[in-house]
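Chemist: below: sequence and its predicted model.
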Amino acid sequence: MIGVEQISRRGFFAAGAVGAAMVGVGGFGAVSRQADAAFVRPPGASSGAEVVAACDRCQKCLQACPYGIVTPVPLAESLVAYGTPMLSFRNGCCDFCMQCVDACPTGALAYGGPAERDLGVAVVVKDACVAWDWAGCTVCKDECPVEGAITLDDHDRPVVHPEYCDGCGKCEQVCPSASLRAYNAAASDRGIVVVSRASEAAQATGAVPSAELASKRTVAVPRGSEAAPHTKGVHPDGPDATREAGGIS
Ligand code: SF4
Ligand code: SF4
Ligand code: SF4
């Protein structure tokens with residue numbers, strides 16, 4: 001596990017004056033909390049703090065991703081994690097091609113361990129999902145590439161099974177919720193959203209309201225209480241799809 005002292009050494013060099021300013025503004029406690037913020041990271045990223053410490057903000061992973069889903073953490077989201085890679089599934093999803101991992105020169109993204117095949121977990125947003133709020137949509141379940149990751153309940157509403165879901169983001173990408181509902185600025189624009197397993201949002205069971213998703217999405221739970229990684233789902237598109245989650249050859 002990487003400590004704040006190590007973050008302050010290498011991560012601050014990468015974050016530059018912004019990271020240094022944080023120490024003055026909020027002390028190492030604020031630095032540690034921001035470094036731990038639970039963003040959805042590319043494959044092979046370990047804890048938030050370790051990514052912040054190891055990443056040089058060179059953006060080679062962003063350039064390598066063929067789907068353009070790797071994006072830098074915005075300054076408004078975190079001063080300390082600013083510029084490190086996170087995933088956005090608005091226009092694409094991850095097929096575990098591992099080109100971002102291959103491109104990473106520092107080991108911030110690396111092969112080995114559960115994070116290699118586990119980006120996060122999808123959560124259903126009950127006031128944004130058309131099936132939960134009303135009826136008649138099963139797009140996420142139909143499009144999910146991992147068998148068993150989404151099933152329908154007795155009311156034909158999607159239910160995510162975290163032990164199968166690998167956080168690939170296909171469901172979030174294709175969810176048509178915003179185009180099927182009346183505009184509501186208070187509701188999420190997707191009925192299903194991938195969050196980090198280290199986030200408070202990942203601890204929720206069943207569907208969560210938009211406000212709860214917004215307040216818990218990047219708030220990290222204490223180390224050791226993260227939601228368990230998926231152990232059953234196998235993504236069909238990856239180059240070695242026969243390998244079980246977290247398996248290392
Ligand atoms: S594994 Fe491939 S698709 Fe997924 S984020 Fe990395 S480069 Fe993009
Ligand atoms: S695709 Fe979106 S709106 Fe449709 S059932 Fe899934 S989460 Fe709900
Ligand atoms: S993130 Fe991927 S595996 Fe998980 S429910 Fe959505 S589409 Fe299925």
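Modeler: That came in fine, so what should we check first? Numbering: from 1, shown residues only. Ligands and ions are numbered 1, 2, ... in the order given.

Chemist: ranges for the strands of the chain?
Modeler: Per DSSP state E, the chain carries strands over the ranges 70-72, 85-87, 121-124, 150-152, 158-160, 192-195.

Chemist: can you point out the buried residues in the first one?
Modeler: So the one you mean is strand 70-72. 70, 72 (16 or more other C-beta atoms under 10 Å). For glycine as for every other residue, the C-beta is placed from the backbone atoms N, C-alpha and C.

Chemist: what about that strand, near ligand 1?
Modeler: Yes. On the criterion C-beta under 6 Å from any ligand atom, strand 70-72 is in touch with ligand 1 at residue 70.

Chemist: chain center to that strand: distance?
Modeler: 11 Å (C-alpha atoms, centre = their mean, to the nearest Å).

Chemist: which strands or helices does that strand pack on?
Modeler: The helices and strands touching strand 70-72, judged by 3 or more C-beta pairs under 8 Å, 6 or more residues apart in numbering; DSSP states H and E, are helix 60-64, strand 85-87.

Chemist: so what touches it?
Modeler: Residues outside strand 70-72 that contact it (C-beta atoms under 8 Å, 6 or more residues apart in numbering): 42, 57, 59, 61-62, 64, 82-88, 100.

Chemist: mind picking out the helix or strand in this structure with the poorest mean pLDDT?
Modeler: Every helix and strand of the chain was ranked by mean pLDDT, DSSP states H and E. The lowest is helix 4-6, at a mean of 40.

Chemist: and residue 76, how many residues sit next to it?
Modeler: 7 (other C-beta atoms under 10 Å).

Chemist: repeat that for the one 5 residues further on.
Modeler: The burial count assigned to residue 81 is 29, neighbours taken as other C-beta under 10 Å.
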